[in-house]
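**Student:** Just to be clear, the model below is a prediction. Sequence and coordinates:
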Amino acid sequence: MLCVQDCTITRNSRSLIHALNFTVSAGEVLTLMGPSGAGKSTFLSWIIGALPAEFTVTGELWLNQQRRDTLPTERRNIGILFQDALLFDHLNVGQNLAMAIPAAVKSREQRQHCVEQALENAQLAGFSRRDPATLSGGERARISVLRALLAKPEALLLDEPFSRLDQTLREQFRQFVWQQVEQQAIPVVLVTHDPQDIPPDGQIITL
Ligand SMILES: Nc1ncnc2c1ncn2[C@@H]1O[C@H](COP(=O)(O)OP(=O)(O)OP(=O)(O)O)[C@@H](O)[C@H]1O
């Protein structure tokens, strides 16, 4: 469960986010909407611990009964996906995925197995040796989701992940993302401008 308590973010004495409170359960998607410049991406930056120094913040972030806003980014265990897939083009698909696997999985064979299984599960079997530059936009997007989830995050943030794709791909990719996050059963916060991105039964907050 992800819980935001009384979050206020200000810049130059101007309040961008004011006293925001919500709770997102495992497997639930909360959608955050609002006009451009309302502070949606800034708020996600706070959640992952990457808020630029220009901003000041009060409030608390709890995840699975543990306070996280006082921890550095790498110990929060929260994944994020952006519009861009942000794959490393000098690594092949398998290497891009393998680097996300937690260090506790030590053996090379085990890591390889995790990668192959994730690809197969996403109907992308055989993609391991592909150069990211040869992938379609939709394939890149799906690989980026797999990479985020292979890290076994306890929560996932989606910052307009569908907006770069054309209408047909967008619908397919939405279904893919909801399927993948459902399997992981973690809380998800989605930022979008498009009401069609909102999954059924989720909470919606407009800033
Ligand atoms: N690093 C930064 N330094 C100074 N101001 C910033 C910085 N990042 C964002 N801002 C400002 O903070 C405000 C909120 O920006 P943010 O990107 O969070 O909005 P948003 O709601 O995500 O907008 P959009 O829907 O267009 O993506 C904007 O006025 C923006 O110019």
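**Tutor:** Yes, it's here.
**Student:** CA atoms for contacts and neighbours, from now on please.
**Tutor:** Will do.
**Student:** residues contacting the spatially most central residue of the chain?
**Tutor:** The chain has Ile80 as the residue nearest its centroid, 2.8 Å off, counting by Cα atoms, centre = their mean. Going by Cα atoms under 8 Å, 6 or more residues apart in numbering, Ile80 touches Ile48, Ala148, Leu156, Leu157, Leu158, Asp159.
**Student:** Using CSV, write out every CA atom in the helix or strand of the chain with the lowest mean pLDDT.
**Tutor:** Lowest on mean pLDDT, DSSP states H and E among the helices and strands of the chain sits helix 167-184, with a mean of 87. Below are the C-alpha coordinates for helix 167-184, written out as CSV (Å, rounded to 0.1, in the frame of the first residue of the first chain):
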residue,chain,number,x,y,z
GLN,A,167,-3.7,5.4,-31.2
THR,A,168,-3.6,1.7,-32.1
LEU,A,169,-0.3,1.0,-30.4
ARG,A,170,-1.5,3.0,-27.4
GLU,A,171,-4.5,0.8,-26.8
GLN,A,172,-2.4,-2.4,-27.1
PHE,A,173,0.3,-1.0,-24.8
ARG,A,174,-2.2,0.1,-22.2
GLN,A,175,-3.6,-3.4,-22.1
PHE,A,176,0.0,-4.8,-21.8
VAL,A,177,0.9,-2.4,-18.9
TRP,A,178,-2.3,-3.2,-17.0
GLN,A,179,-1.7,-6.9,-17.5
GLN,A,180,1.9,-6.7,-16.3
VAL,A,181,1.1,-4.6,-13.2
GLU,A,182,-1.8,-6.8,-12.3
GLN,A,183,0.6,-9.8,-12.2
GLN,A,184,2.9,-7.9,-9.8
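**Student:** Please spell out which residues along that helix are buried.
**Tutor:** Leu169, Arg170, Phe173, Arg174, Phe176, Val177, Trp178, Gln180, Val181, Glu182, Gln184 (16 or more other Cα atoms under 10 Å).
**Student:** what packs against it?
**Tutor:** The contact analysis (3 or more Cα pairs under 8 Å, 6 or more residues apart in numbering; DSSP states H and E) places helix 167-184 against helix 137-150.
**Student:** Mind listing residues that contact the helix it packs on?
**Tutor:** For helix 137-150, using Cα under 8 Å, 6+ apart, the contacting residues are 79-81, 84-87, 93, 96-98, 100-102, 118-119, 122, 132, 165, 169, 173, 176-177, 184.
**Student:** ok, then the element right after it?
**Tutor:** Next along the chain after helix 137-150, taking DSSP states H and E as the criterion, comes strand 155-159.
**Student:** List of residues touching that following strand?
**Tutor:** Residues outside strand 155-159 that contact it (Cα under 8 Å, 6+ apart): 2, 41, 44, 63, 77-83, 186-192.
**Student:** what does stretch 22-42 give?
**Tutor:** Residues contacting stretch 22-42 (Cα under 8 Å, 6+ apart): 1-5, 16-17, 51, 159, 181-182, 184-193, 198-199, 202-207.
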